[in-house]
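Asker: Take a look and give me a structure for this.
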Amino acid sequence: MGDWLKAVVQVSVFISFSAISAAAQEDPEPASGPARYIGSETCTSCHEDQAEAWAGSHHALAWTPADSDHVLADFDGSEFSHDGVGYAFRIQDGGYFVTVTDTDGSARTHRIHSVAGVAPLQQFLIETRPGQLQSFDVVWDVEQGGWFHLYPDQHLPPGDGLHWSGPYKNWNARCAECHATGYDRNYGARTKFYRSELIETGVGCEGCHGPGSSHAALARAGNEAGPGYGFKPGLLEPGLMMQQCASCHSRREALTGGTPLPGTEFHETYNLAWLRPGLYHPDGQILDEVYVWGSFLQSKMNAKAVTCLNCHEAHSAELKAEGNAVCAQCHSPAGNPDFPTLRKADYSSGQHSRHAEGSDGAQCVSCHMIERTYMGNDGRRDHSFRIPRPDLGALTGSPDACTDCHQGRSQDWAAGQIAKWFPDPSRRGAHYGTVFASARTAPQEVPDDLMAIAQDSSQPGLVRATALYLLRPAQTAALSDLAAELLQDGDPLVQAAAAGMQSGRPPAERAARLLPMLQTAPLMLRIAIARALLDVPPETLSPSQAAQLAAAMRDWQRSLSTRLDYPETHMVLGGMAMQMRNLPAAQAAFGQAVRLDPQRADAWQTLVRVTAAAEGQAAALRIARRGLQEIPQDQGLRQLEAELLP
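Answerer: Prediction:
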């Protein structure tokens, strides 16, 4: 194997907390046995071209050792300061170190454990206790050179949940599964320690293709024919392939404790975020870092079965062409026979772009893929491929591509220009964004409009599901009945949102509507159904119904048990316990939430109220004062303290 590949095939022997699977070190077993991971190194002897393209990719370099082959930052005595905290970087005995001097003058030195990413920034991981890695907030700008803080406008002292040592910056829980192959978090709920395991760091061959032992055995036997060539049948089918990309390139809630086997349906392992406030603008444009998939699902490209690999090379992940040539693969006078319904036209002309040829404004992405910067310097483009709609700005509060560039101009001006250039108003019709903008503040004013969007099968499933999600605060018996018709929709996102619309119906009616769905529902939908039936008394169900519901509840509980290192999980458990009127369990859950994140005001406030109900005012007052020691400025806790004073 060449040095170029040795530098990036990183087995986990360098990670102190993990143990590489023994299966990856043995010869592949016969093709008839269960497939096992064998490591990317095994793949290269037959697939050198693909391996060479992959070796320099962001996938291969997603997580690497802290050594001279991978660290690009200046650790040779450089310094940085932010918010009164000083950082000094040095190299010693072949290791990389940072000394953090806090505002009180105390200093602590940390050894850099490993590296996340390669461009446009590198982030560094620190092992704060055996097995636990944290993502450091001072990162290196690879393109410009120099250190910078990821959150320059936030004051994040030690003890804050968002400080680099806090629960929301925990690498094991929040990041590793998408930066490794065959990852299992292995968090001990009792010990509070991680025993994480993985096959290799970085997204290796098997990270996308699945365990390769059967494939390798078939190849060595000279027999690569057969279903899936030794891989899971159907894994390379476009729909499953897209879901494999989505498993990391999406804003979602993981339902398991590690990396699912490639080829697993997305909804069996993840709960995709709807177009919620804080994540997306009302019209579906990206706001927070949402990682592509939720945007792409809104697009006409997705509706026409365009895939990631139509634009991106599979192994390098680079674009297949430069600039507008990527889009011109299909959007041209010649068209593309793979997409016969696409209108053939000269999109490269000034008649279309209305900007000078070769200018920034004439680039397809400038108008159809707005860019937003995350993590300080990492530009990400919106993959919904929408046409510019400045006319929606005043109605939705959303941005637009035109005034992104023409920052001195108003959205009214931009809308007027587009109307002059393209007088046909058919592309500027009604948009779900106007309804969503109203629903975010007053859903009771637009219930019929939201339901109409949910029922419109021509809309993307994610949009329809979001309409039902926004409708929940305004649901009525009539709206629940209409939503019930969508329980049989072909999109699990719509089904899950429709299940959430049933909470206002009587328990027996709710159970009758939802329980029949469990037999074929993916895990995401099973959990949504269990959540909707949480308060149904078992005695109101038949024995078979009770057994079905119990199985769904166990699925939900198993999923939650894989995320007991998340404060959010304990908030959910506390809410479940309160709904079941189990006050001791609720106290325990909210107590765990504040242990993991002492700055979480909502957990402290709920813990105070639950303690008052369970143990009385004196005990609740002690909890309120403990909370005020952690967050002394929280007005909610101060109000509770005043109410509890004798």
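Asker: Need the phi and psi values for residue 242.
Answerer: phi -60, psi -40 (degrees, to the nearest 10).
Asker: How about residue 565?
Answerer: According to degrees, to the nearest 10, residue 565 has phi -90, psi 0.
Asker: For residue 637, pull up the helix or strand it's in.
Answerer: In the assignment (DSSP states H and E), residue 637 maps to helix 635-644.
Asker: which helices and strands sit right next to that helix?
Answerer: On a contact count with 3 or more CB pairs under 8 Å, 6 or more residues apart in numbering; DSSP states H and E, helix 635-644 meets helix 601-615, helix 617-630. Backbone N, C-alpha and C define where each C-beta goes, glycine included.
Asker: Can you list the buried residues in the shortest one?
Answerer: In this case it means helix 617-630. Across helix 617-630, burial judged by 16 or more other CB atoms under 10 Å covers 620, 621, 623, 624, 627, 628, 630.
Asker: Provide the count of other residues in contact range of residue 95.
Answerer: 13 (other CB atoms under 10 Å).
Asker: Show me what the nearest residue in space to it that is not next to it in sequence is bridged to.
Answerer: Closest residue to residue 95 apart from its sequence neighbours, by CB to CB, 6 or more residues apart in numbering: residue 111 at 5.6 Å. Note on residue 111: beta-bridge partners by DSSP bridges are residue 97.
Asker: how much space between residue 111 and residue 91?
Answerer: Distance of residue 111 to residue 91, given as CB to CB, to the nearest Å: 11 Å.
Asker: Repeat that for residue 646.
Answerer: Residue 646 is 60 Å from residue 91, by CB to CB.
Asker: Pick out whichever of these two has more residues nearby.
Answerer: When neighbours are counted by other CB under 10 Å, residue 91 comes out ahead of the other of residue 646 and residue 91, with 15 against 5.
Asker: so where do the strands sit in the stretch 1-150 of the chain?
Answerer: Counting by DSSP state E, counting those that start in this stretch, the stretch 1-150 of the chain has strands at residues 10-11, 63-65, 79-82, 85-92, 95-101, 107-116, 121-129, 132-135, 138-141, 147-149.
Asker: Make JSON lines from the ones you listed and add distance to residue 388 and mean pLDDT to it.
Answerer: Below are the strands of the stretch 1-150 of the chain laid out as JSON lines (distance: least, CB to CB, whole Å; pLDDT from 0 to 100):
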{"stretch": "strand 10-11", "distance to residue 388": "43", "mean pLDDT": "32"}
{"stretch": "strand 63-65", "distance to residue 388": "38", "mean pLDDT": "98"}
{"stretch": "strand 79-82", "distance to residue 388": "37", "mean pLDDT": "97"}
{"stretch": "strand 85-92", "distance to residue 388": "42", "mean pLDDT": "98"}
{"stretch": "strand 95-101", "distance to residue 388": "44", "mean pLDDT": "98"}
{"stretch": "strand 107-116", "distance to residue 388": "35", "mean pLDDT": "98"}
{"stretch": "strand 121-129", "distance to residue 388": "30", "mean pLDDT": "98"}
{"stretch": "strand 132-135", "distance to residue 388": "36", "mean pLDDT": "98"}
{"stretch": "strand 138-141", "distance to residue 388": "31", "mean pLDDT": "98"}
{"stretch": "strand 147-149", "distance to residue 388": "32", "mean pLDDT": "98"}
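Asker: Nearest to residue 173, out of these?
Answerer: Judged by CB to CB, the one of the strands of the stretch 1-150 of the chain that comes nearest to residue 173 is strand 132-135, at 9.4 Å.
Asker: dump the residue contacts of residue 597.
Answerer: By CB atoms under 8 Å, 6 or more residues apart in numbering, residue 597 lies in contact with 161, 166, 167, 168, 567, 603.
Asker: And for residue 476?
Answerer: Listed by CB under 8 Å, 6+ apart, the contact set of residue 476 reads 447, 504.
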